[in-house]
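Undergrad: Fold the following, please.
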Amino acid sequence: MDQERSTPEAERQPTTDALPAPSVLKEEAKKNAQAAKTGQGKNQSGTDFQTSPASSKNRSILQRIWSWIRKGTPSTDWLIVLLTAVISITSYLQWHEIRSGSTDTHALALAANTQAQKMTDMSAAANEIKDAAQNMVIQDQRIADNAQKAMDASIALAHNEQRAWVIFPHKYALVDFAANGPITYSAGFRNIGRTPADAVQAIVRAEIVASRNEPSLSYEPGTSNIFRSGELVPNDDEPPQKLQARAEHMPIIISSERLRRIQSGGEYVAIYGQVTYKDIAGDHWMRFCVEVNTAEPPKRTTSSTKMRAV
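TA: Numbering: from 1, shown residues only. Below is the predicted model:
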C-alpha cells in the first residue's frame, strides 16, 4: 500500500523538461523587471544576465511609445497613415520624374532650336548658292548671246561686203520739158556691190509737186513705169531709159504758166520709186526720191532693159 501511494506522488513531481507554471513566469517577470532597474536579471533558463543602462533606457522609451501607439491608435488610422505615406512617396516620385523630364525636355528644346538654326543657316547658304548659280547661268547666257550677236554681225558684215547693192544714180535724174509738151525724164540703176543682182525689178514715177509740199510717194495705175532687168553685174552702168511723166494713163502736157512756176521754183519735179532684187545673201529692196527743178537736155542712149507704162 505504501508503494502504491508513493507512485502518484512521484508522478506529480515536475520534470526538468516540463513548462513552468504561470505564477512562476509572472513572478520571474517581476524579478526581471526589478533586476532591469539595477542592471541584473535572469533569463528564462535561470542564467543571470546584465544589461547596460543606455540600452535599457532606449528599450523603455520604445516600449512606452509602442504601448501608447498600440493603445491609442485604431486600425483605421493606421490604414490612413499607411495610405498617406504611400501617396506621399508616389507624389514625390512623380514630382521627381516630372522635374527630370522637364529638364530633359528643356535640353531637347535647346537642341532642337540649335538644329533649327543650323538648318536655317544651311537653307540660307543653299539659297545663296542657288542665286550664284542662277547669276552664273544668266552671265553665261549673256556671254552666249553676245557671242551669237558678234557672230551674226560678222556674218552680216561678210554678207554686206559680198552682196549686191543696187542704187539710182543722181546723174540719171535728167528732166526735159517745154511749153505745151510732155515731161520726159531718165531712169536707170547701177550695182555697186561685189556680186550680181538678180531679178531686178523697179517701179518709177515722176510727179509735179508744189514747192511747199512733199511728193505723194504713191503708184496709182496710169502714173508709173515698170523697170525689169534679168541681172545687174557689179560696177556695170546700166544705160538709163527715157520715160514720160504720166497721169491717168496719158503723158502730162505742161502749159506755159506751169512751166514758169517750175522755172521760178514754185513747183518741182520729183522722181521716186522702189527696187527689189536678189543676191547671194537673199532678198533686198531699195527706195529712192530725187528732186529736179532745172531743165537739162537728156542724153541719147540705148538700153537693153525694158520699161513699160502701168
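Undergrad: buried sites along stretch 257-274?
TA: 258-259, 261-262, 267-274 (16 or more other Cβ atoms under 10 Å). The way it works is simple: take the backbone N, C-alpha and C, and place the C-beta from them, glycine included.
Undergrad: Kindly confirm my reading that A179 is in a strand.
TA: No: using DSSP: H, G, I helix; E, B strand; the rest coil, the assignment for A179 is coil, not a strand.
Undergrad: what two of the buried residues of stretch 257-274 have the greatest distance between them?
TA: Spanning the widest gap among these are L259 and Q274, at 29.1 Å by Cβ to Cβ.
Undergrad: Helices along this protein, start to end?
TA: In the chain, helices defined by DSSP state H lie at 2-12, 22-38, 53-72, 75-162, 256-264, listed in chain order.
Undergrad: worst average pLDDT in those helices?
TA: Ranked by mean pLDDT, the helices of the chain bottom out at helix 2-12, which scores a mean of 45.
Undergrad: Hmm, E257 and N180 touching each other?
TA: No: when contacts are counted by Cβ atoms under 8 Å, N180 is not listed as touching E257 (10.9 Å).
Undergrad: Relative to I143, how far out is H170?
TA: 46 Å (Cβ to Cβ, to the nearest Å).
Undergrad: Equivalent analysis for L110, please.
TA: Distance, L110 to I143, by Cβ to Cβ: 49 Å.
Undergrad: any residues touching stretch 278-289, and which ones?
TA: 159-160, 162-164, 166-168, 193, 195-199, 215, 217, 270-277 (Cβ atoms under 8 Å, 6 or more residues apart in numbering).
Undergrad: Among those, which lie within strands?
TA: Among those, the members falling in strands (DSSP state E) are 166-167, 197-199, 270-277.
Undergrad: need the residues you listed in a markdown table with pLDDT and distance to Q148, can you?
TA: Output for the ones in strands among the contacts of stretch 278-289, formatted as a markdown table (pLDDT from 0 to 100; distance: Cβ to Cβ, whole Å):
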| residue | pLDDT | distance to Q148 |
| --- | --- | --- |
| V166 | 90 | 30 |
| I167 | 89 | 32 |
| A197 | 91 | 29 |
| D198 | 91 | 30 |
| A199 | 91 | 31 |
| A270 | 90 | 43 |
| I271 | 90 | 42 |
| Y272 | 92 | 38 |
| G273 | 92 | 37 |
| Q274 | 93 | 32 |
| V275 | 92 | 31 |
| T276 | 94 | 29 |
| Y277 | 94 | 28 |
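Undergrad: got these as a markdown table, with distance to P239 columns?
TA: Listed next are these as a markdown table, based on distance: Cβ to Cβ, whole Å:
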| residue | distance to P239 |
| --- | --- |
| V166 | 15 |
| I167 | 15 |
| A197 | 16 |
| D198 | 19 |
| A199 | 19 |
| A270 | 23 |
| I271 | 17 |
| Y272 | 21 |
| G273 | 17 |
| Q274 | 21 |
| V275 | 16 |
| T276 | 21 |
| Y277 | 18 |
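Undergrad: in the sheet, who's paired with W285?
TA: Applying DSSP bridges to W285 gives these bridge partners: T276.
Undergrad: To clarify, my last question referred to I167.
TA: R190.
Undergrad: Next one: it from R190, what distance?
TA: 6 Å.
Undergrad: Which one of those two is surrounded by more residues?
TA: Remark: of I167 and R190, R190 carries more neighbours, 20 against 14, as counted by other Cβ atoms under 10 Å.
Undergrad: I'd say that one and P240 touch.
TA: No: between R190 and P240 there is no contact under Cβ under 8 Å: 9.9 Å.
Undergrad: which stretches of the stretch 151-300 of the chain aren't confidently modelled?
TA: Along the stretch 151-300 of the chain, segments meeting pLDDT under 70 span 293-300.
Undergrad: S100 - how many residues pack around it?
TA: Using other Cβ under 10 Å, S100 has 10 other residues around it.
Undergrad: Would you mind measuring from the closest residue to H249 other than its chain neighbours to E248?
TA: Of all residues not flanking H249 in the chain, G222 sits nearest, at 3.7 Å (Cβ to Cβ, 6 or more residues apart in numbering). As judged by Cβ to Cβ, G222 and E248 stand 5 Å apart.
Undergrad: Looking at those two, which is more packed in?
TA: More crowded of G222 and E248, by other Cβ under 10 Å: G222, with 12 against 9.
Undergrad: Would you mind measuring from the more buried one to R205?
TA: Per Cβ to Cβ, G222 is found 10 Å from R205.
Undergrad: And for A107?
TA: 97 Å.
Undergrad: Show me which of the two is the more surrounded one.
TA: R205 (25 against 10).
Undergrad: Show me what that one is bridged to.
TA: Note on R205: beta-bridge partners by DSSP bridges are Y272.
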